[in-house]
Structures are given as C-alpha cells and as structure tokens.
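Chemist: missing the sequence, but the structure's below:
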C-alpha cells in the first residue's frame with residue numbers, strides 16, 4: 001500500500017486520541033512494524049554505537065575500550081535520537097499525519113503547560129526516591145551498600161563534549177524519548193493489541209531498558225539496579241500520558257532531569 005499523504009489535521013483533532021488511532025489501524029494505515037521496530041530502537045542503537053566506538057578505541061590501543069566508549073553516550077546518544085526521529089517521520093507519514101502531531105496541542109496560555117510540567121517534575125522526585133531505594137534493596141541489600149560512583153558512571157570528556165551535553169544534547173534527548181515511547185509507540189500498541197496493560201508492559205520494558213544503555217556496563221548488578229530504579233517513574237509517567245495525551249508538559253518536565261543527568265555524570 002502506498003504511504004498516505006502527509007497532511008496537517010485541524011487543530012481541534014487530537015490525532016493521538018485512542019479513537020483516532022483505532023480508525024487509522026482499521027484503515028490499514030498503522031501496522032505492527034512501526035511500533036515494534038521503534039520500541040527497542042534506542043536501546044539497540046545505543047549499544048551498537050558504543051560497540052562501534054569501542055572497536056575504534058581498540059584499534060587505537062586505548063585501555064578498556066568498551067568502558068571508554070561508553071563514556072561518550074551523551075554525544076553518540078544524539079545519533080540514536082536522530083535515527084528514531086527519522087523512523088517516526090517515515091511511519092507517521094504513512095499514517096497521513098506529521099511528526100509534530102505526536103506532541104499534540106501545546107497550551108501556553110497562563111503558562112498552563114509550564115505549570116503542568118512543573119507538577120510532573122515534582123511527581124518524579126518521590127518516584128525516583130522510591131525506585132532508588134527499591135533497587136538498592138533488591139541488588140545490594142540497602143542504600144548504604146550501593147556503590148554510587150559505579151552506578152553514576154561519571155565520565156571525563158573534552159570541554160567541547162561537556163558544552164554540547166549542556167546546550168544541545170538534552171534538548172533533543174528529552175523530546176525524542178517522549179515522542180518515541182509515549183507519543184508514538186504506547187498509544188499505537190494500545191490500539192493494535194486492544195489492551196492498555198499489554199501496551200504499557202511492552203513499552204515500559206523498553207522504556208526502562210534504555211536507561212541501562214547510557215552507558216551499558218556488562219554487570220548484572222548495574223543492569224538490575226538501573227532497571228528497578230526507573231520502573232516506578234516510567235510506569236506512572238505512561239499512565240499519566242494516557243490520561244492527557246499531550247507531550248509538551250512531559251518534555252518540559254524531562255528537560256531539567258536530563259540537564260541534571262548531564263551535570264552529575266560529567267562531574268570530575
């Protein structure tokens with residue numbers, strides 16, 4: 001079937017409403033291929049780029065090339081984001097909508113989305129607090145025994161890379177992450193499966209998994225800790241999104257988190 005012509009729907013239409021997506025599924029404009037390819041994409045791409053860079057470092061006789069390559073995740077991560085954006089651009093065009101439509105309406109009158117984003121950011125703090133302690137208990141027995149230096153995976157990169165991470169990386173990273181998992185994959189899997197819990201489970205698994213790929217460390221303690229830490233946050237985040245179906249507040253809330261991550265992992 002030839003791709004549908006990309007059109008700009010009227011502002012009043014919420015193209016990520018479940019009823020709208022179900023109509024496009026019934027019309028054959030949304031297939032399984034898009035969500036199933038994009039849901040693991042960031043995890044797979046980031047691991048691939050880390051491995052490729054490790055091969056370069058190996059050829060240059062750098063010590064511990066895989067770990068050294070992982071320190072550059074905040075730079076090569078943008079390559080993964082660009083690939084995801086291109087993938088979503090292709091599949092949304094087949095639906096007959098724009099990539100920008102995944103974000104949904106933006107409501108800035110009286111600072112509506114700014115205040116909602118602030119509320120989401122405040123919600124995130126207790127979820128990370130609970131997730132961190134749950135993860136420490138599961139993996140290390142207590143928070144006091146958790147090796148925070150190892151978990152943080154702090155890096156030491158050239159000045160230009162630090163400047164990039166604090167000026168460009170987080171802008172692209174936050175928006176792409178929200179668009180991939182929440183704006184694109186989650187509501188389409190919900191419509192394709194007919195079950196919200198299945199969509200949340202599949203999307204949530206990969207939403208969590210990407211967080212132990214920045215960078216990937218072949219240590220099960222690290223993998224389980226990072227996964228358990230993000231699980232409460234990711235689950236609540238998706239359930240709130242399914243309620244409002246607009247990404248602007250989530251992107252606004254996500255920006256400070258990624259800025260903080262860039263600062264904390266870049267501390268020398």
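Modeler: Now that the structure is in, tell me what you want to look at. Predicted, not measured: the structure shown is a model, and the values here were computed from it.

Chemist: could you tell me the phi and psi values at residue 106?
Modeler: Per-residue torsions, residue 106: phi -110, psi 120 (degrees, to the nearest 10).

Chemist: which residues touch stretch 98-118?
Modeler: With contact meaning Cβ atoms under 8 Å, 6 or more residues apart in numbering, stretch 98-118 is reached by 6-9, 11, 14-16, 85, 88-89, 92, 175, 179, 183-184, 245-253. In short, each C-beta sits where N, CA and C put it, glycine included.

Chemist: in helices only, show me those.
Modeler: In helices, defined here by DSSP state H, the members of the contacts of stretch 98-118 are 85, 88, 89, 92, 175, 248, 249, 250, 251, 252, 253.

Chemist: output the below-cut-off pLDDT ranges for the stretch 1-150 of the chain.
Modeler: Within the stretch 1-150 of the chain, the segments meeting pLDDT under 70 span 1-13.

Chemist: could I get the full set of strands for it?
Modeler: Using DSSP state E, counting those that start in this stretch, no strands are assigned anywhere in the stretch 1-150 of the chain.

Chemist: and the longest helix anywhere in the chain, which residues are buried?
Modeler: Scanning the chain for the helix with the most residues, using DSSP H, yields helix 112-140. If you call a residue buried by 16 or more other Cβ atoms under 10 Å, then helix 112-140 has these buried ones: 113, 116-117, 120-121, 124, 127, 131-132, 134-136, 139-140.

Chemist: got the residues you listed as TSV, with distance to residue 261 columns?
Modeler: Shown next, in TSV, are the buried residues of helix 112-140 (distance: Cβ to Cβ, whole Å):
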residue	distance to residue 261
113	22
116	22
117	17
120	16
121	13
124	12
127	15
131	15
132	14
134	20
135	16
136	19
139	20
140	21
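
Chemist: secondary structure class for residue 154?
Modeler: coil (DSSP: H, G, I helix; E, B strand; the rest coil).

Chemist: count of residues packed around residue 65?
Modeler: 18 (other Cβ atoms under 10 Å).

Chemist: buried subset of the contacts of stretch 98-118 as a ChimeraX selection?
Modeler: The buried residues among these can be selected in ChimeraX (16+ other Cβ under 10 Å) with this line:
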select :14,15,16,85,88,92,175,179,183,184,245,246,247,248,249,250,251,252,253
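
Chemist: which residue is most remote from the mean position of the protein?
Modeler: Distance to the chain centre peaks in the chain at residue 61, reaching 32.9 Å (criterion: Cα atoms, centre = their mean).

Chemist: any idea how far residue 253 is from it?
Modeler: Residue 61 sits 43 Å away from residue 253, going by Cβ to Cβ, to the nearest Å.

Chemist: and what of residue 27?
Modeler: Distance, residue 27 to residue 253, by Cβ to Cβ: 34 Å.

Chemist: before we move on, what about residue 173?
Modeler: Between residue 173 and residue 253 the distance is 13 Å, computed by Cβ to Cβ.

Chemist: tell me who's in contact with the residue nearest to the spatial centre of the chain.
Modeler: Closest to where the C-alpha atoms of the chain average out (Cα atoms, centre = their mean) is residue 177, at 3.0 Å. By Cβ under 8 Å, 6+ apart, residue 177 lies in contact with 42, 81, 210, 254.

Chemist: re the thing from before, would you point out the most distant pair within the ones in helices among the contacts of stretch 98-118?
Modeler: Spatial extent of the ones in helices among the contacts of stretch 98-118 (Cβ to Cβ) is set by the pair 89 and 253 at 24.3 Å.
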